[in-house]
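**Student:** Following is a predicted model, sequence given first.
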Protein chains: 2
Amino acid sequence: MDMESSVPPGFRFHPTEEELVGYYLNRKINSLKIDLDVIVEVDLYKIEPWDIQDKCKLGYEQQNEWYFFSHKDKKYPTGTRTNRATAAGFWKATGRDKAVTSKNRIIGMRKTLVFYKGRAPNGRKTDWIMHEYRHQTSEHAPPQASPLLSSYYFLAMF
Amino acid sequence: MDMESSVPPGFRFHPTEEELVGYYLNRKINSLKIDLDVIVEVDLYKIEPWDIQDKCKLGYEQQNEWYFFSHKDKKYPTGTRTNRATAAGFWKATGRDKAVTSKNRIIGMRKTLVFYKGRAPNGRKTDWIMHEYRHQTSEHAPPQASPLLSSYYFLAMF
């Protein structure tokens, strides 16, 4: 997407987590109109991290974060576990999930994932890091039965 | 100015120097329309650095740079030296001017200034830093006889 034609010069997409979840993810889930379609949809299971950059370019130099929506894919048709494997490797969660708040209320959760090349339980850790945001209104909510859509974003370490 | 009503959520004003000089300053000097009036005009000689923040708010939290246009005021009616004194202190240049380029061509120069409280040649150095941009097409150009308007911006150290 070429930002230059839709946003005045000098503006960059640097959303807060509150904006990502409260505006972009919320409107996407509810099929509401989004002011400017800066966040494209990709199929995370069919694309490698190093190919995502090209798809999520925002039209200015020195971008080091890439934003996209992706459907969650289940590991087993009846289960709740998420499959995060691609052809070249897999995404593995790291650390604890963190709450995203707005006006002191929880509006979503953030999971941090690292990309490993190869197949679990083996695989070689890379510097690709992803933050996966999901809509959730309580920190202790059970895993959602049908998580429709999540906003993810990439933060490249190099 | 309240950005929230004019730019989609998640966008912040983080212009490059090329955009500041090549778009904003250039259009201001030539009285051309600016997409969005994010850069207000202030009279730098009548306002203290700590009061500028309020005038140049962009409507989102954690802003630590303030942009504004200001006319240059001459120290002496017939001279080329610039008067940069306010009621509480003065702005003093530091270091060497730096060229601002676009496609390998010089489009302007940047001067860095520090605010001192008190009166020159005395005065107590503060943490207020300003970058002053001027339109200029060669690094060795003589001081302009009539610098009509310059873009300045503040970078607060705290």
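**Tutor:** Okay, I see it.
**Student:** Can you show me the strands along chain A?
**Tutor:** Listed in chain order, the strands of chain A (DSSP state E) span A:11-13, A:40-41, A:65-71, A:89-102, A:105-117, A:124-135, A:149-156.
**Student:** Now for residue A:108, how many residues are close by?
**Tutor:** When counting by other C-beta atoms under 10 Å in any protein chain shown, one arrives at 24 neighbours for residue A:108. Where C-beta positions appear, they are placed from N, C-alpha and C, glycine not excepted.
**Student:** how far away is it from residue A:93?
**Tutor:** In this view, residue A:108 and residue A:93 are 16 Å apart by C-beta to C-beta, to the nearest Å.
**Student:** Residue A:122 too?
**Tutor:** Residue A:122 sits at a distance of 17 Å from residue A:93 (criterion: C-beta to C-beta).
**Student:** residues contacting the closest residue in space to residue A:55 that isn't next to it in sequence?
**Tutor:** Closest residue to residue A:55 apart from its sequence neighbours, by C-beta to C-beta, 6 or more residues apart in numbering or on different chains: residue A:42 at 5.6 Å. Applying C-beta atoms under 8 Å, 6 or more residues apart in numbering or on different chains, one finds that residue A:42 lies in contact with A:52, A:55, A:56, A:68, A:69, A:70.
**Student:** hmm, which of those residues are the buried ones?
**Tutor:** A residue is treated as buried here by neighbour count (16 or more other C-beta atoms under 10 Å in any protein chain shown); on that basis the buried members of these are A:52, A:56, A:68, A:69, A:70.
**Student:** what's around the nearest residue to the last one once chain neighbours are set aside, how many residues?
**Tutor:** Nearest residue to residue A:70, sequence neighbours excluded (C-beta to C-beta, 6+ apart): residue A:44, at 4.0 Å. Residue A:44 is surrounded by 25 other residues when neighbours are defined as other C-beta under 10 Å.
**Student:** these two touch, right, residue A:44 and residue A:89?
**Tutor:** No. Under the contact definition of C-beta atoms under 8 Å, residue A:44 does not touch residue A:89, with a separation of 12.0 Å.
**Student:** And residue A:122 and residue A:93? Which one has more around it.
**Tutor:** The neighbour comparison of residue A:122 against residue A:93 (other C-beta under 10 Å) goes to residue A:93, with 14 against 8.
**Student:** Roughly how far does that one sit from residue A:106?
**Tutor:** In this view, residue A:93 and residue A:106 are 19 Å apart by C-beta to C-beta.
**Student:** Spatially nearest residue to residue A:88 (excluding sequence neighbours)?
**Tutor:** According to C-beta to C-beta, 6+ apart, the nearest residue to residue A:88 is residue A:48 (5.1 Å).
**Student:** hang on, that neighbour packs against residue A:85?
**Tutor:** No. Between residue A:48 and residue A:85 there is no contact under C-beta under 8 Å: 11.1 Å.
**Student:** What's opposite the residue nearest to residue A:41 when sequence neighbours are not counted in the beta bridge?
**Tutor:** Closest residue to residue A:41 apart from its sequence neighbours, by C-beta to C-beta, 6+ apart: residue A:69 at 4.6 Å. In this structure, residue A:69 has beta-bridge partners residue A:41, residue A:151, where bridges are defined by DSSP bridges.
**Student:** Find me the pLDDT at residue A:69, would you?
**Tutor:** At residue A:69 the predicted local confidence, pLDDT, stands at 88.
**Student:** just the one 10 residues further on next, same as before
**Tutor:** In this model, residue A:79 is scored at 65, pLDDT.
**Student:** ok so, going back, tell me the contacts of the residue nearest to residue A:88?
**Tutor:** Residues counted as contacts of residue A:48 (C-beta under 8 Å, 6+ apart) are A:86, A:87, A:88, A:89.
**Student:** do residue A:33 as well
**Tutor:** By C-beta under 8 Å, 6+ apart, the residues touching residue A:33 are residue A:27.
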